[in-house]
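Colleague: below are the sequence and a predicted model; questions follow.
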Amino acid sequence: MTAIAFLAAPTEVARAAQDVLAERYGAAPLDRAKAVVCLGGDGMMLETQHRLLGRNLPVYGMNCGSVGFLMNDYREDGLVERLEAAQAAMLHPLRMRAHTGHPEPTEALAINEVSLLREIRQAAKIRVMVDGKVRLPELICDGILVSTPAGSTAYNLSAHGPIVPLGANLLPLTPISPFRPRRWRGALLPAEAEVVFEVLEHEKRPVAAVADYTEVRDVRRVEVREDRSVMLTMLFDPDHGLSERIIAEQFTV
């Protein structure tokens, strides 16, 4: 039997499921596990992947939360067989380099998205560059984000950004409540593109940069690109793959 580690969200339902599964299948410590079963919702999957960064252990999520877009259905029976039959989705995170007034930038990885958000009542003014070329000299907005394909159904979708299939090798660039230019709704960028945001009037209009769990306030310049040196693996039931769910989500009304 595959050595399985179980990680659960801090909820009564998820913890109870962890106890049942660990007793039934045995629980391996993380440093000896060949696979990780994550119990909770999408937030727990995100937390688990961050915890395992650099190890590339396959993670099989079972939904004990609310949305569960990145999770499989919860069932107690046949876990080993489900793991053996599961399809792998290989993902790369985004690497953010956020510059403030300090000499060294702050770096962080984002599995969902890197977002810039205004800190006060004043709208943000942001210059957008892609691969060294200025694409928008000035965007007046509440913020802007770059999403991974896996994260395109999260904050990006809420901000009216496009859903991107995993194999498309594209990154959505999506404004958040844009005021000027009013008709600009974002862009789809090649996965290898480097995006640079420059915060204009940063003292009058302070902006925070957020990469999943990492927030950096009062940024002046933020660089974002896909980090292909880091691999993440999520496991899905054959009839419930992530690519299929991303396609199906686009037809949800």
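Modeller: Arrived safely. Numbering: from 1, shown residues only.
Colleague: going forward, measure contacts and count neighbours with C-alpha atoms only.
Modeller: Will do.
Colleague: any low-confidence regions in this structure?
Modeller: Counting by pLDDT under 70, the chain contains low-confidence ranges at 1, 240-242, 253.
Colleague: nearest the middle, which residue of it would you pick?
Modeller: Asn112 (1.2 Å; Cα atoms, centre = their mean).
Colleague: how about the contacts made by that residue?
Modeller: 46, 93, 147-148, 150-152, 154, 211-212 (Cα atoms under 8 Å, 6 or more residues apart in numbering).
Colleague: which of the residues you listed fall within strands?
Modeller: 147, 211 (DSSP state E).
Colleague: related to what we said a few turns ago, show me the contacts for the nearest residue to the residue nearest to the centre of the chain once chain neighbours are set aside.
Modeller: In space, Asn112 comes closest to Gly151 once its chain neighbours are excluded; the distance is 3.9 Å by Cα to Cα, 6 or more residues apart in numbering. For Gly151, the residues meeting the contact criterion (Cα under 8 Å, 6+ apart) are 111-113.
Colleague: what ranges do the strands span in the stretch 101-250 of the chain?
Modeller: Along the stretch 101-250 of the chain, counting by DSSP state E, counting those that start in this stretch, strands occupy 106-110, 113-118, 124-130, 133-141, 143-147, 170-176, 187-190, 195-200, 207-211, 214-216, 221-226, 232-236.
Colleague: to Val37, which of these lies closest?
Modeller: Among those, the nearest to Val37 by Cα to Cα is strand 232-236 (9.4 Å).
Colleague: isn't Pro206 right up against Glu198?
Modeller: No - here Pro206 does not reach Glu198: they are 11.6 Å apart, not a contact under Cα atoms under 8 Å.
Colleague: show me which of those two is the more surrounded one.
Modeller: Using other Cα atoms under 10 Å, the more surrounded residue of Pro206 and Glu198 is Pro206, with 22 against 19.
Colleague: who touches the residue nearest to Asn169 when sequence neighbours are not counted in this structure?
Modeller: Using Cα to Cα, 6+ apart and skipping the chain neighbours, the partner closest in space to Asn169 is Ala191 (5.0 Å). Ala191 sits next to 169-171, 225-226 when contact means Cα under 8 Å, 6+ apart.
Colleague: got the residue ranges for the helices in this structure?
Modeller: 12-25, 42-51, 79-85, 155-158, 242-249 (DSSP state H).
Colleague: in a markdown table: those helices, plus mean neighbour count.
Modeller: Shown next, in a markdown table, are the helices of the chain (neighbours: other Cα atoms under 10 Å):
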| stretch | mean neighbour count |
| --- | --- |
| helix 12-25 | 16 |
| helix 42-51 | 19 |
| helix 79-85 | 14 |
| helix 155-158 | 18 |
| helix 242-249 | 16 |
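Colleague: tabulate the ones you listed (a markdown table), appending distance to Ile126.
Modeller: Shown next, in a markdown table, are the helices of the chain (distance: least, Cα to Cα, whole Å):
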| stretch | distance to Ile126 |
| --- | --- |
| helix 12-25 | 41 |
| helix 42-51 | 28 |
| helix 79-85 | 45 |
| helix 155-158 | 18 |
| helix 242-249 | 30 |
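Colleague: tell me which of those sits nearest to Leu57.
Modeller: helix 42-51 (8.8 Å).
Colleague: correct me if wrong: Ala88 contacts Leu232.
Modeller: No - taking Cα under 8 Å as the definition, Ala88 is not a contact partner of Leu232, at 9.8 Å.
Colleague: show me which of these two is the more surrounded one.
Modeller: Ranked by neighbour count (other Cα under 10 Å), Ala88 and Leu232 place Leu232 first, with 22 against 18.
Colleague: Met90 is in contact with that one, correct?
Modeller: Yes - if you go by Cα under 8 Å, Leu232 and Met90 touch, sitting 5.7 Å apart.
Colleague: residue contacts, the nearest residue to Arg95 once chain neighbours are set aside?
Modeller: Computed as Cα to Cα, 6+ apart, the closest residue to Arg95 that is not its neighbour in sequence is Leu109, at 4.6 Å. Each residue near Leu109 by Cα under 8 Å, 6+ apart is listed here: 93-96, 211-212.
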